[in-house]
Structures are given as C-alpha cells and as structure tokens.
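Undergrad: Dropping a prediction and its sequence here:
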Amino acid sequence: MLALKAIDVKNNFKNICSQVFNGETVMLSRPKNQNVVMISEAEYNRLEKARRNLEYLKMLDESEKQLQEGRIVEKTMSELEAME
C-alpha cells in the first residue's frame, strides 16, 4: 500500500491511476485522519462480491436457526398456487 498526500496524487494522477489499475492500493492522507483509499474497479468488485456473499450467508444462518427453533410456516401446494 502506498501512502501519499493529496498533492502528490494531484501532481502524478495518471501514474498513480496506472499503479492502482495494476493492483496497488493507495491511501491518500488527509487532515484530521479523513483518509481516502484508491483501489481498482476489479478490487472493488471483488470486495463487493465478498460483502454480498457474507450477507447471503448470514441470511442462510438465520434461516437455519429459525428452522431449528421450529419457526416455520407450512403451505400445501394448493395454498401456494392460490397465492400466485
């Protein structure tokens, strides 16, 4: 990870973007610790997919817990068809 000041990024934006695109992570140091991190779109998409997968796994865990606790609703096929 590269830690740079905003002025350094401003002066070398094209080069820094190329480094980020090639896998480097860049942290822009800002006053009052309001830092910003630059990552490639591919890395962002990977992180978003991992976040969505984690949310889905949590939902599955909750569903399994409800099933084990007997908190289920049973419907017959005709009841489901009537809901269409």
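TA: Yep, it's here.
Undergrad: just so I have it, where are all the helices in the chain?
TA: For the chain, the helices defined by DSSP state H cover 6-11, 13-21, 41-68, 77-82.
Undergrad: got the ones you listed as JSON lines, with distance to Arg30, mean neighbour count and mean pLDDT columns?
TA: For every residue, glycine as well, the C-beta is placed using N, CA and C. Shown next, in JSON lines, are these (distance: least, Cβ to Cβ, whole Å; neighbours: other Cβ atoms under 10 Å; pLDDT from 0 to 100):
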{"stretch": "helix 6-11", "distance to Arg30": "6", "mean neighbour count": "13", "mean pLDDT": "91"}
{"stretch": "helix 13-21", "distance to Arg30": "15", "mean neighbour count": "13", "mean pLDDT": "96"}
{"stretch": "helix 41-68", "distance to Arg30": "20", "mean neighbour count": "10", "mean pLDDT": "96"}
{"stretch": "helix 77-82", "distance to Arg30": "55", "mean neighbour count": "8", "mean pLDDT": "94"}
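Undergrad: Of all those helices, which one comes closest to Lys32?
TA: Ranking the helices of the chain by distance to Lys32, with Cβ to Cβ as the measure, places helix 6-11 first at 13.1 Å.
Undergrad: Against which helices or strands is that closest one packed?
TA: strand 26-29 (3 or more Cβ pairs under 8 Å, 6 or more residues apart in numbering; DSSP states H and E).
Undergrad: Convert the strand it packs on to PDB, retaining C-alpha atoms only.
TA: Extracted in PDB, the C-alpha atoms of strand 26-29 (Å, rounded to 0.1, in the frame of the first residue of the first chain):
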ATOM      1  CA  VAL A  26      -3.100   3.900  -2.500                       C
ATOM      2  CA  MET A  27      -4.100   5.700   0.700                       C
ATOM      3  CA  LEU A  28      -4.500   9.500   0.400                       C
ATOM      4  CA  SER A  29      -3.500  11.100   3.700                       C
END
